[in-house]
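**Student:** need the 3D shape of this:
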Amino acid sequence: MKRLLTALALLASTTVAQADSLIGSYVAYIGTQDLYNSNGQRLNEPWQVLRQDRANYHRFGISQPGDEWDPFFGSIDNRAAMERMIMNGYIEPNAARTLLNGGATVFVRIYGTGNTGRSVEVTVVR
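**Tutor:** Numbering: from 1, shown residues only. As a prediction, the model looks like this:
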């Protein structure tokens, strides 16, 4: 019985998820092009603007002075996960409004394990 309990405890300790760590970060300037999707529609959610900024940078070659490369959002699948990652992360409500108006600089920290992102923290400055 003692061996069984020890084995179960060991198994449980190996299946507990490790804490997420910083797997990437970047700085970007949110310009006018980042506020509209590829069809010209105005974006009205922070995650949409951040996703468009990364698509503009990685896919369309559109960037503003201050935009940096990031190790994560070059993948279309990772960009698609951005909404979930922001919901799991944090962006201040005032910062979200500032971001939606454009003309702001964002600092984005990507957290996860390995190549799997789980959340982002966004700081916005004007």
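
**Student:** helix, strand, or coil at the nearest residue to residue 43 once chain neighbours are set aside?
**Tutor:** Distance criterion Cβ to Cβ, 6 or more residues apart in numbering; nearest residue to residue 43, sequence neighbours excluded, is residue 49 at 5.1 Å. Bear in mind the C-beta positions are built from the backbone N, C-alpha and C, glycine included. Recorded secondary structure, residue 49: helix (DSSP: H, G, I helix; E, B strand; the rest coil).

**Student:** next one: residue 49 from residue 33, what distance?
**Tutor:** 10 Å (Cβ to Cβ, to the nearest Å).

**Student:** give me the more crowded residue out of the two.
**Tutor:** Between residue 49 and residue 33, counted using other Cβ atoms under 10 Å, the more crowded position is residue 49 (24 against 14).

**Student:** hang on, the more buried one packs against residue 34?
**Tutor:** Yes. Judged on Cβ atoms under 8 Å, residue 49 makes contact with residue 34 at a distance of 5.6 Å.
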